[in-house]
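Asks: structure for this input, please:
(one chain, ligands or ions: 1)
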Amino acid sequence: MTKQNLMVSDANPALNMAISASVSNSSIFTATAHKPLPMPSAYIPITRRKVLKNLEINACVDSMRASSPTHPKSTPSRAEEHSSWILHHPSALDMFEQIIDASKGKQIVMFLDYDGTLSPIVNDPDRAFMSDQMRKTVRKLAMSFPTAIVTGRCRDKVYSFVRLAELYYAGSHGMDITGPTTSSKYNKGSKAEAILFQPANEFLPMIDEVYRVLVEKTKSTPGAMVENNKFCVSVHYRCVDEKKWSELAHQVKSVLKEYPKLRLTQGRKVFEIRPTIKWDKGKALEFLLESLGFANCADVFPVYIGDDRTDEDAFKKLRDRGQGLGILVSKFPRDTCASYSLQEPEEVKDFLQRLVEWKQASQRTCSK
Ligand SMILES: O=P(O)(O)OC[C@H]1O[C@H](O[C@H]2O[C@H](CO)[C@@H](O)[C@H](O)[C@H]2O)[C@H](O)[C@@H](O)[C@@H]1O
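Replies: The predicted structure is shown next:
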């Protein structure tokens, strides 16, 4: 076996580098000549496939750790890192006036993620309730601006938490979109009134099947939880001992091997299994803007608020369109395409409340 044998052109570059580094450090190979040294007798040859698989799992576990970091005590360097991050992603509350100025003359359209944005993160996904105060604020928001919930959750489930008929809902990472069921000034006469958009319909039987297989496969891992989100499946590891994460990653990956039409992404202590179709929260945002009659419109100002990696598709979409802005909900510095930040759902509520108050005040001024 030579170092060359281990280089894989079709794998991702980071993985290639990891393989290369791991092999160079394994003491079986010289770094420069690429010639194998004599193997110690006790050396058990590892197949290329196994090396790759282990590296892939290690990379996956690293990514699991990064997906919802629990941060150690703050240190001066961490504080410095935070201040520099805040400079680039200032608080949307502190920058409220500037945000309003940027939206002048444009229709604000609100997009809200659910978990970690409208409701605090909790251990049990079935108990991620939003507060009554938050519900009241979101209701007022929807009376002031077209408002959509964009979530990885199954649409019915998120509706059972939010319980507001005047909103648009994009469930299953945007693969299940509906318009408001009560009429409001923002849906009269638009085609949004009758929206039901499900671009991954043909995957329903496969998702049901993979859900059942995953439940069976992961039941030996204490704390693992599988959630059927209709057009996608979540495998939660928030309550799984970190020592068992690689076991769980193995289980999930071994199941997915049999389903090449499904792909794996990660959220906050959760694996997301979804169809390989080119659809995500960013596409859902674009679809909703179009449904609202804002396709190719310069006078629209979409604001997307979210906390998850999957929200980055929407932040990026806004960047690419050069319209509106993204607000990341996070207490910690993170790579993001969002322009602003808020620390937690409580701050999201305050921001939404200020938007409502600003809108009410500007309507009063106009009617004078
Ligand atoms: O797009 P979102 O609305 O943010 O949904 C993403 C996932 O959210 C839920 O999981 C997350 O919240 C749980 C409750 O606080 C928490 O226990 C879990 O660790 C988080 O990942 C939901 O259960 C998933 O199905 C969504 O995909």
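Asks: three-state assignment of whatever residue of the stretch 151-300 of the chain ends up closest to the ligand?
Replies: Ranked by CB to the nearest ligand atom, the top residue of the stretch 151-300 of the chain for proximity to the ligand is Gly152, at 2.8 Å. C-beta coordinates here come from the backbone N, C-alpha and C atoms, glycine included. Put simply, Gly152 is coil when judged by DSSP: H, G, I helix; E, B strand; the rest coil.
Asks: next one: phi and psi at it?
Replies: Dihedral angles of Gly152 (phi, psi; degrees, to the nearest 10) stand at phi -80, psi -20.
Asks: list the residues that contact it.
Replies: 115, 172-173, 229, 232, 234, 267, 272, 308, 310 (CB atoms under 8 Å, 6 or more residues apart in numbering).
Asks: how about Gly267, what does it touch?
Replies: Contacts of Gly267 by CB under 8 Å, 6+ apart are 67, 152, 234, 308-310.
Asks: which of the contacts of Gly152 are buried?
Replies: 115, 172-173, 229, 232, 234, 267, 272, 308, 310 (16 or more other CB atoms under 10 Å).
Asks: the ligand contacts on the chain?
Replies: 113-116, 121-123, 125, 128, 151-153, 227, 229, 234, 236, 238, 267-270, 272, 308, 310 (CB under 6 Å from any ligand atom).
Asks: domain parsing for this protein?
Replies: 3-67, 89-199+279-367 (automatic domain parsing).
Asks: can you flag the weakest of those domains by average pLDDT?
Replies: Among these, domain 3-67 carries the lowest mean pLDDT, at a mean of 50.
Asks: need the strands for the stretch 251-368 of the chain, in chain order.
Replies: 262-267, 270-275, 300-306, 325-329, 340-342 (DSSP state E, counting those that start in this stretch).
Asks: what angle do the longest one and strand 325-329 make?
Replies: Note on geometry: by axes from the mean of the first three to the mean of the last three CA atoms, to 10 degrees, strand 300-306 and strand 325-329 are set 10 degrees apart in direction.
Asks: mind listing what's buried along strand 300-306?
Replies: 300-306.
Asks: what's the answer for stretch 322-334, then?
Replies: Per 16+ other CB under 10 Å, stretch 322-334 contains these buried residues: 323-330, 333-334.
Asks: let me have those residues in a markdown table, extended by distance to Lys316.
Replies: Formatted as a markdown table, the buried residues of stretch 322-334 follow (distance: CB to CB, whole Å):
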| residue | distance to Lys316 |
| --- | --- |
| Gln323 | 12 |
| Gly324 | 12 |
| Leu325 | 12 |
| Gly326 | 8 |
| Ile327 | 14 |
| Leu328 | 12 |
| Val329 | 17 |
| Ser330 | 16 |
| Pro333 | 18 |
| Arg334 | 14 |
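Asks: closest to the ligand out of the residues you listed?
Replies: Using CB to the nearest ligand atom, the buried residues of stretch 322-334 come closest to the ligand at Val329, 9.6 Å.
Asks: residue closest to the middle of the chain?
Replies: Thr310 (1.9 Å; CA atoms, centre = their mean).
Asks: wait, Ile277 sits on Pro199?
Replies: Yes: if you go by CB atoms under 8 Å, Ile277 and Pro199 touch, sitting 6.2 Å apart.
Asks: ok, the two, which is more surrounded?
Replies: Counted by other CB atoms under 10 Å, Ile277 and Pro199 do not tie: Pro199 has more neighbours, with 19 against 15.
Asks: which non-adjacent residue is nearest the more buried one?
Replies: Setting aside the residues directly before and after it, Pro199 is nearest to Trp279 in space (CB to CB, 6 or more residues apart in numbering), at 5.3 Å.
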